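Q: Everything below, folded, please.
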Amino acid sequence: MGEDAPTVQPSSTVSETDPPPSLTPPPPPFDPSRMVGIIKRKALIKDLASAYHTECLSYCQELLELQRKWEEPFIDLRPPEDSRRDILRPSKRVKKSR
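A: Take a look at the predicted model:
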């Protein structure tokens, strides 16, 4: 009966979830001058994202227009007699008159 029960190990003073103190450096002190750079970078990232978004929308609009053109049936606007003229070519040899 005692063989099936899990054995309990004695708990150590350092838990497994706490990282060792030598591997994590202490956080740097708060420096307000760094906040200005962070805010500027954040604004630049937002501007860049906005530019990419605008460019993406324009490409999507162009793609949508091309897809609509592709789905439209092709309509030949020339009258049928014009197409016959394209097929008939003048002869290469001129007939001699007698």
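Q: Please make it C-alpha for all contacts and neighbour counts, starting now.
A: Fine.
Q: same question for stretch 66-80, mean pLDDT?
A: Across stretch 66-80, pLDDT averages out at 77.
Q: Pull out the buried residues from it.
A: Judged by neighbour count (16 or more other CA atoms under 10 Å), stretch 66-80 contains no buried residues.
Q: okay, it in PDB with CA atoms only?
A: Taking Å, rounded to 0.1, in the frame of the first residue of the first chain, the C-alpha atoms of stretch 66-80 are listed here in PDB:
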ATOM      1  CA  LEU A  66      -8.900  45.000 -62.000                       C
ATOM      2  CA  GLN A  67     -11.000  42.100 -60.800                       C
ATOM      3  CA  ARG A  68     -14.200  43.900 -61.800                       C
ATOM      4  CA  LYS A  69     -12.800  44.500 -65.300                       C
ATOM      5  CA  TRP A  70     -11.700  40.800 -65.500                       C
ATOM      6  CA  GLU A  71     -15.200  39.700 -64.700                       C
ATOM      7  CA  GLU A  72     -16.900  41.900 -67.300                       C
ATOM      8  CA  PRO A  73     -17.600  40.300 -70.600                       C
ATOM      9  CA  PHE A  74     -15.500  41.500 -73.500                       C
ATOM     10  CA  ILE A  75     -17.600  43.600 -75.900                       C
ATOM     11  CA  ASP A  76     -16.100  44.500 -79.300                       C
ATOM     12  CA  LEU A  77     -17.200  48.000 -80.000                       C
ATOM     13  CA  ARG A  78     -16.200  47.900 -83.700                       C
ATOM     14  CA  PRO A  79     -19.000  47.100 -86.200                       C
ATOM     15  CA  PRO A  80     -18.700  43.800 -88.000                       C
END
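Q: shaky segments in the chain?
A: The model of the chain has pLDDT under 70 over residues 1-22, 76, 78-90, 98.
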